[in-house]
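[1] sequence plus predicted model, see below.
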Amino acid sequence: MKDILLKEVKIRAVNVPLKSPIISHLGTFDSWPYLCVDVVTNNNIVGNSYIGPYLKEYLPSIASTIRVLSKSYENKTIEPYSFYQHSMKSLSLLGFKGIALYGLAALDIAFWDAFAKIHKKPFANLLGGSIKKNIKSYNSRGLWLIENNKIAKEAETLKKEGDFKALKLRIGRDSYKQDIKAYNEVIKGAGSDTIIMSDFNQCFTTNEAIRRCHDLDNIGFYWFEEPIQYNMLEDMKKICKEIKTPITLGENFHGPKDAHDALLNKSCDMIMPDLMRIGGVSAWLKTASIAESFNAEVSTHLYPEVSAHLMCLTPTAEWLEWVDWANPIIKDPYVVKNGSIIIPDKPGFGFEWNEGIISKYKVDL
Ligand SMILES: [Mg+2]
């Protein structure tokens, strides 16, 4: 195949309203900011990616890191793996974590999308995997810290959206009794066969977390997520030792080494990397191998479209987190049926932009 070269990288920013607000220990959010990246080749193949770095005020600085990183690849043959390795080395000056890594992730995803489109294959097929039809997915788009009398109805709605078998409930309410009440309301609305994940969003001190996890240990939660500040690995290890319910970490791993350190230290029982914070597709694949070497389950955090392909290539793949927050910016959003995400039979990751919505909610960079 003739060399296909990078011609240009386009970056657009949007801030899209959410259907219902996110109310968590980390804050309340009515909208979600995204950077939409297009890498354009000399024969006009376009690789797409988006990242959602939480706070719209940071979009310009991340866009700036994308521009700087991509400079090295102008007029070079599209080689996503080599680009990732080169970019990571270059980050030794700026640091391997934080917004520069987010910028690298956005580029890496878009380069892989372009590469798969060049080869006219869905990404998972390009890497020699098969497109799985049964990627079990849980609905994570709701059940925030809302009033107890609203939980049952919301749980019923969320379960029906894709015939989901599992939902995630945010906990860490004022008392453990309120968390138990909230759990029971989910069961009331969604049925007793529903699998319920839980997320504390780092709300406790270590002693409080141990107390609360003990109080809830026999309720039936599938996992406890981030009971304390995410990087306190020694304290997380203590919690893991004391508690029977599996403890999960990962949305705040910045790069594969964080996953390695947490697993080696026995600071969690399973992991759930975030596609952006881990460093994109290349970094995810490294992390999947690390998890395999520890025989630890891997679930996903946000970015269901690209993550679905990655779950086809993750040996210890477990649950895919489903959220629909980015659906407005995507032309034909992925769907979930019978509790499994459906990967479209299209080259690359299989999504294109809804240009009308991108124009409507555009943010200046
Ligand atoms: Mg979480």
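    That came through fine.
[2] name the element residue 115 belongs to?
    helix 99-118 (DSSP states H and E).
[3] mind saving the C-alpha coords of that helix as CSV?
    Presented in CSV, the C-alpha positions along helix 99-118 are these (Å, rounded to 0.1, in the frame of the first residue of the first chain):
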residue,chain,number,x,y,z
ILE,A,99,-3.5,17.0,30.5
ALA,A,100,-0.6,16.1,28.2
LEU,A,101,-1.5,12.5,28.5
TYR,A,102,-5.1,13.4,27.7
GLY,A,103,-3.9,15.1,24.6
LEU,A,104,-1.8,12.1,23.6
ALA,A,105,-4.9,9.8,24.2
ALA,A,106,-7.0,11.9,21.8
LEU,A,107,-4.4,11.8,19.1
ASP,A,108,-3.7,8.1,19.6
ILE,A,109,-7.4,7.1,19.3
ALA,A,110,-7.8,9.2,16.1
PHE,A,111,-4.6,7.7,14.6
TRP,A,112,-5.8,4.2,15.2
ASP,A,113,-9.2,5.0,13.8
ALA,A,114,-7.5,6.4,10.6
PHE,A,115,-5.2,3.4,10.4
ALA,A,116,-8.2,0.9,10.6
LYS,A,117,-10.0,3.0,8.0
ILE,A,118,-7.0,2.9,5.7
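[4] how far out from the middle of the chain is it?
    15 Å (Cα atoms, centre = their mean, to the nearest Å).
[5] contacting residues around the helix or strand following it?
    Tracing the chain past helix 99-118, the next element assigned as helix or strand by DSSP H and E is helix 123-126. Residues from elsewhere that reach helix 123-126, judged by Cβ atoms under 8 Å, 6 or more residues apart in numbering: 112-113, 115-116, 119, 130-132, 281, 306, 309-310, 312-313, 343, 348-349. In short, each C-beta sits where N, CA and C put it, glycine included.
[6] repeat the analysis, applying 6 Å as the threshold.
    116, 119, 131, 309, 312-313, 348-349 (Cβ atoms under 6 Å, 6 or more residues apart in numbering).
[7] from those, which is closest to the ion?
    residue 309 (21.6 Å; Cβ to the ion).
[8] tally of neighbours for that closest one?
    28 (other Cβ atoms under 10 Å).
[9] tell me if it really is in a strand.
    No - per DSSP: H, G, I helix; E, B strand; the rest coil, residue 309 lies outside any strand segment and is helix.
[10] for whichever residue of the chain sits closest to the ion, phi and psi?
    Residue of the chain nearest the ion, by Cβ to the ion: residue 199 (4.3 Å). Note on residue 199: its backbone torsions stand at phi -140, psi 120 [degrees, to the nearest 10].
[11] now do the helix holding residue 115: everything it contacts.
    4, 35, 37, 39, 45, 47-49, 51, 53, 61-62, 65-66, 69-70, 78, 80, 83-84, 87, 91, 94, 123, 126, 254, 276, 279-282, 306, 347-349.
[12] keep only those of the residues you listed that are in strands.
    Members of the contacts of helix 99-118 lying in strands (criterion: DSSP state E): 35, 37, 39, 47-49, 51.
[13] and the buried ones among the contacts of helix 99-118, selectable in ChimeraX?
    Remark: buried members of these, expressed as a ChimeraX selection using 16 or more other Cβ atoms under 10 Å:
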select :4,35,37,39,45,47,48,49,51,53,62,65,66,69,70,78,80,83,84,87,91,123,126,254,276,279,280,281,282,306,347,348,349
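[14] could you pull out the helices for the chain?
    Using DSSP state H, the helices of the chain run over 59-71, 80-90, 99-118, 123-126, 148-161, 176-190, 206-216, 233-242, 256-264, 275-278, 281-293, 304-311, 355-360.
[15] export the ones you listed to CSV and tack on distance to the ion and mean pLDDT?
    As requested, the helices of the chain are arranged in CSV below (distance: least, Cβ to the ion, whole Å; pLDDT from 0 to 100):
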stretch, distance to the ion, mean pLDDT
helix 59-71, 21, 97
helix 80-90, 25, 97
helix 99-118, 17, 97
helix 123-126, 25, 98
helix 148-161, 16, 98
helix 176-190, 16, 98
helix 206-216, 14, 98
helix 233-242, 14, 98
helix 256-264, 14, 98
helix 275-278, 11, 98
helix 281-293, 17, 98
helix 304-311, 14, 98
helix 355-360, 26, 98
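[16] contacts only, for residue 222.
    195, 197.
[17] let's go with 7 Å and repeat that
    195-197 (Cβ atoms under 7 Å, 6 or more residues apart in numbering).
[18] and the closest residue in space to residue 20 that isn't next to it in sequence, how far from residue 150?
    Nearest residue to residue 20, sequence neighbours excluded (Cβ to Cβ, 6 or more residues apart in numbering): residue 142, at 6.5 Å. Distance, residue 142 to residue 150, by Cβ to Cβ, to the nearest Å: 10 Å.
[19] now the terminal residues of stretch 20-28, how far apart.
    11 Å (Cα to Cα, to the nearest Å).
[20] give me the buried positions along stretch 141-148.
    For stretch 141-148, the neighbour count (16+ other Cβ under 10 Å) marks 141-146 as buried.
[21] rebuild the residues you listed as TSV, extending it with pLDDT and distance to the ion.
    Listed next are the buried residues of stretch 141-148 as TSV, based on pLDDT from 0 to 100; distance: Cβ to the ion, whole Å:
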residue	pLDDT	distance to the ion
141	96	13
142	96	14
143	97	12
144	96	11
145	95	13
146	95	16
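[22] for the longest strand along the chain, packing partners?
    What stands out as the longest strand in the chain, according to DSSP E, is strand 6-24. Counting contacts by 3 or more Cβ pairs under 7 Å, 6 or more residues apart in numbering; DSSP states H and E, strand 6-24 is packed against strand 27-41, helix 59-71, strand 362-363.
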